[in-house]
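*Asks:* quick one: sequence and predicted model below, then my questions.
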Number of protein chains: 2
Amino acid sequence: MIPLLSINQATTRPYALTDTARASSAAGVRHLGLWLEPVAELGAAETVRLLDETGIRATSMSRTGFVADKSGAALHSALDDVRRAIELSAAVGAPTLSFIAGGLAPGDRDLRAGAGRVRDALEVLAPEARAAGVRLQLEPLHPLFATSRSVVTTVRQALGIIEGLPVESVGILVDAYATFWDADLHDALLAAGERIAGYQVNDFVLPLPAEDHMLGRLLPGEGGIDLDAITASVIQAGYTDPIEVEVFHEQLWALPLETIIERTVRTFTTAVVAPITARTEVPV
Amino acid sequence: MIPLLSINQATTRPYALTDTARASSAAGVRHLGLWLEPVAELGAAETVRLLDETGIRATSMSRTGFVADKSGAALHSALDDVRRAIELSAAVGAPTLSFIAGGLAPGDRDLRAGAGRVRDALEVLAPEARAAGVRLQLEPLHPLFATSRSVVTTVRQALGIIEGLPVESVGILVDAYATFWDADLHDALLAAGERIAGYQVNDFVLPLPAEDHMLGRLLPGEGGIDLDAITASVIQAGYTDPIEVEVFHEQLWALPLETIIERTVRTFTTAVVAPITARTEVPV
């Protein structure tokens, strides 16, 4: 199996969706991971036209959720945001919608209760996602962000949270940066199987940027992650969809759009495609 | 059970061991976690006299290990360092010696192989630790440091690595900052049982210091960790030894020694002792 590249829009964040789609298409890229804000700005109909025109298929929509710290009116409003995100995803043909758990409110230290609120929200939303033909993908984030952005920090934990929810409407998003450190990752991915709704690659390095710890991700192969091993596990688990490169990095964003795309294609080829296709065993 | 405080020397790092021991004793503290370098500087015999004079018992010695990235002569030398650390621990009556796995060499991305090297080293060292009457305690560090300082990042993983080694000579050190984010922590601690050789408390906050990400730890109760829940799990697992406060923080270190100790005693009392003793069920 030759892994297919999808460029997540975060990787070209400073550039307009129209420009990213056209430049990606010109570089031979056939898949994009979309973000809600630029799609909403361009409009659903115009986005569909753009994807048609450029021959690009959306692989996912980022991102919604952030319910772990909410109840009452705030939760109600957050769930409505998710519903609008489901609608927009469906309107532009994005098959999956990334769902971030959210952190805890100031003074709250109960991660387990937060995870319970994530489960509750997904139970409510699953039928609505299903009706819209969109799959919610719960994304564990790096443990560094457990209190601030996502009480869900491992694939194993995410699987527990979505257990019993319909597999066609709720899966998980595996992000290499978020999960690579986990000694349980390989086993958890095999246990996940068809729950793997998406897979994003990038790379890890220290130190983190001082201003925003989220912005330290490198392109595939530029850091310390054994991407080959993780990709092999994801494929062994049965995943066959395109793989997104999702990088947040100020220095990358400062480059011209065509350069970002060229580097994305190149690093994906050397750090993801080449090692996997070089494996002698045929990945199932 | 009323938890007993031990002050880890890292918490008063800028101050001499002699001063820390005397000031701790004056504040009614009866236990210290020692560090190799200041003990070596003072000398074993003088350290024993100091502990005698101040009525203080050593609860642990920090820290040795860093073998995950080593082989050949470098490994040989690292193992000799551990042996000297075992000897010094025994000489001053420190019952446990903290063992840090180590990160990976530049270009190496194989965390699993690194963990294998940690296991191999502990197999060699366990009988020597036993002969000296010192217990090695493998400490999982926060996943942020998986590549740079410790390929061992969870209690569950640490238990797997030391499985089958004699429980009296190899245990684990549970650090709240390193492990609090883990949804599996409670179950892993109960599975650990008498493998828990030490327990350190501190607290978590973002952002991390830009210069050194290690130095962001707060005093107990000052951050986002549910210390009460973790302490309860540790006690439920059977742990009855003193609990160390181990904080690395430049702002804390800038304070006068007596102030650091006073704040340590106070925060330990409010964030660890009070919630545990207020629990209605009697911890086993």
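*Replies:* Great, that's in hand.

*Asks:* what residues does the stretch 101-250 of chain A put near chain B?
*Replies:* By Cβ under 8 Å from any Cβ of the partner chain, the residues of the stretch 101-250 of chain A that approach chain B are A:104, A:109-112, A:115, A:142-148, A:152-154, A:156-157, A:160, A:180-184, A:204, A:206-208, A:210, A:213, A:224-226, A:229. C-betas here are computed from N, CA, C, even on glycine.

*Asks:* which of these count as buried?
*Replies:* Among these, those scoring as buried are A:104, A:109, A:111, A:115, A:142-148, A:152-154, A:156-157, A:180-184, A:204, A:208, A:213, A:224-226, A:229 (criterion: 16 or more other Cβ atoms under 10 Å in any protein chain shown).

*Asks:* which ones among these map onto helices?
*Replies:* In this view, those that belong to helices under DSSP state H are A:111, A:115, A:156, A:157, A:229.

*Asks:* nearest to residue B:65 among these?
*Replies:* The closest of those to residue B:65 turns out to be residue A:229 (Cβ to Cβ; 24.3 Å).

*Asks:* state the pLDDT value of that closest one.
*Replies:* pLDDT, residue A:229: 97.

*Asks:* that one: what's it in contact with?
*Replies:* Residues in contact with residue A:229 (Cβ atoms under 8 Å, 6 or more residues apart in numbering or on different chains) are A:186, B:109, B:110.

*Asks:* let's verify the first one: helix, strand, or coil?
*Replies:* Under the three-state scheme (DSSP: H, G, I helix; E, B strand; the rest coil), residue A:186 adopts helix.

*Asks:* what residues are up against it?
*Replies:* Residue A:186 makes contacts with A:229, A:233, as judged by Cβ under 8 Å, 6+ apart.

*Asks:* and if we set it to 6 Å?
*Replies:* Residue A:186 makes contact with residue A:233, according to Cβ atoms under 6 Å, 6 or more residues apart in numbering or on different chains.

*Asks:* I'd like the distance between it and residue B:154.
*Replies:* According to Cβ to Cβ, to the nearest Å, residue A:186 and residue B:154 sit 14 Å apart.

*Asks:* stretch A:142-156: how far from the chain's middle?
*Replies:* In terms of Cα atoms, centre = their mean, to the nearest Å, the centre of stretch A:142-156 is found 14 Å from the chain centre.

*Asks:* actually stretch A:57-72, not the one I typed
*Replies:* Per Cα atoms, centre = their mean, the displacement of stretch A:57-72 from the mean C-alpha position of its chain is 11 Å.

*Asks:* does chain B sit close to it?
*Replies:* No. Using Cβ under 6 Å from any Cβ of the partner chain, we find that stretch A:57-72 stays clear of chain B, coming within 11.7 Å at best.

*Asks:* export that stretch as CSV, just CAs?
*Replies:* Output of stretch A:57-72 as CSV, limited to C-alpha atoms (Å, rounded to 0.1, in the frame of the first residue of the first chain):
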residue,chain,number,x,y,z
ARG,A,57,-11.1,15.8,-2.0
ALA,A,58,-11.5,16.9,1.6
THR,A,59,-10.2,14.3,4.1
SER,A,60,-11.3,16.0,7.3
MET,A,61,-12.6,19.2,8.9
SER,A,62,-10.8,20.7,11.9
ARG,A,63,-12.0,21.3,14.6
THR,A,64,-14.7,21.3,17.2
GLY,A,65,-15.5,20.1,20.7
PHE,A,66,-14.0,21.7,23.8
VAL,A,67,-16.8,20.4,26.0
ALA,A,68,-14.8,18.9,28.9
ASP,A,69,-15.0,22.0,31.0
LYS,A,70,-18.6,22.9,30.2
SER,A,71,-22.1,22.4,31.5
GLY,A,72,-25.4,24.3,31.4
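
*Asks:* flag every buried residue along that stretch.
*Replies:* By 16+ other Cβ under 10 Å, the buried positions in stretch A:57-72 come out as A:58-70.

*Asks:* need those in JSON lines (columns: secondary structure and pLDDT).
*Replies:* Formatted as JSON lines, the buried residues of stretch A:57-72 follow (DSSP: H, G, I helix; E, B strand; the rest coil; pLDDT from 0 to 100):
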{"residue": "A:58", "secondary structure": "strand", "pLDDT": "98"}
{"residue": "A:59", "secondary structure": "strand", "pLDDT": "98"}
{"residue": "A:60", "secondary structure": "strand", "pLDDT": "98"}
{"residue": "A:61", "secondary structure": "strand", "pLDDT": "98"}
{"residue": "A:62", "secondary structure": "strand", "pLDDT": "98"}
{"residue": "A:63", "secondary structure": "strand", "pLDDT": "98"}
{"residue": "A:64", "secondary structure": "strand", "pLDDT": "98"}
{"residue": "A:65", "secondary structure": "strand", "pLDDT": "98"}
{"residue": "A:66", "secondary structure": "coil", "pLDDT": "98"}
{"residue": "A:67", "secondary structure": "coil", "pLDDT": "98"}
{"residue": "A:68", "secondary structure": "coil", "pLDDT": "98"}
{"residue": "A:69", "secondary structure": "coil", "pLDDT": "98"}
{"residue": "A:70", "secondary structure": "coil", "pLDDT": "98"}
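
*Asks:* tell me where the model's unsure across the stretch 51-200 of chain A.
*Replies:* Low-confidence segments of the stretch 51-200 of chain A (pLDDT under 70): none present.

*Asks:* what about the strands in it?
*Replies:* If DSSP state E, counting those that start in this stretch is used as the criterion, the strands of the stretch 51-200 of chain A fall at A:57-65, A:96-100, A:135-138, A:170-175, A:196-201.

*Asks:* ramachandran angles for residue A:169?
*Replies:* In terms of degrees, to the nearest 10, the main-chain angles of residue A:169 are phi -110, psi -10.

*Asks:* wait, it sits on residue A:131?
*Replies:* No. In this structure, residue A:169 is not within contact of residue A:131 by Cβ atoms under 6 Å, at 8.8 Å.

*Asks:* compare those two (neighbour count), which wins?
*Replies:* The neighbour comparison of residue A:169 against residue A:131 (other Cβ atoms under 10 Å in any protein chain shown) goes to residue A:169, with 21 against 11.

*Asks:* let me see the contact set for the more buried one.
*Replies:* Counting by Cβ under 6 Å, 6+ apart, residue A:169 touches A:126, A:129, A:130, A:135.

*Asks:* rerun at 7 Å
*Replies:* A:126, A:129, A:130, A:135, A:136 (Cβ atoms under 7 Å, 6 or more residues apart in numbering or on different chains).

*Asks:* which of the residues you listed ranks first by neighbour count?
*Replies:* residue A:136 (29 neighbours).

*Asks:* identify the bridge partners of that residue.
*Replies:* According to DSSP bridges, the residues that bridge with residue A:136 are residue A:97, residue A:170.

*Asks:* was I right to think it contacts residue A:124?
*Replies:* No. Between residue A:136 and residue A:124 there is no contact under Cβ atoms under 7 Å: 11.0 Å.

*Asks:* what does the pLDDT read for residue A:30?
*Replies:* Note on residue A:30: pLDDT of 98.

*Asks:* count of residues packed around it?
*Replies:* Neighbours of residue A:30 (other Cβ under 10 Å): 16.

*Asks:* so who does it touch?
*Replies:* Neighbouring residues of residue A:30 by Cβ under 7 Å, 6+ apart: A:55, A:56, A:57.

*Asks:* next one: residue A:156
*Replies:* Contacts of residue A:156 by Cβ under 7 Å, 6+ apart are A:184, A:188.

*Asks:* for residue A:110, see how far away residue A:99 is.
*Replies:* Counting by Cβ to Cβ, the gap from residue A:99 to residue A:110 is 20 Å.

*Asks:* what's the answer for residue A:280, then?
*Replies:* Following Cβ to Cβ, the distance that separates residue A:280 from residue A:110 is 48 Å.

*Asks:* how about residue A:50: what's its closest non-neighbour residue?
*Replies:* Spatial nearest neighbour of residue A:50, excluding adjacent residues (Cβ to Cβ, 6 or more residues apart in numbering or on different chains): residue A:21 at 5.2 Å.
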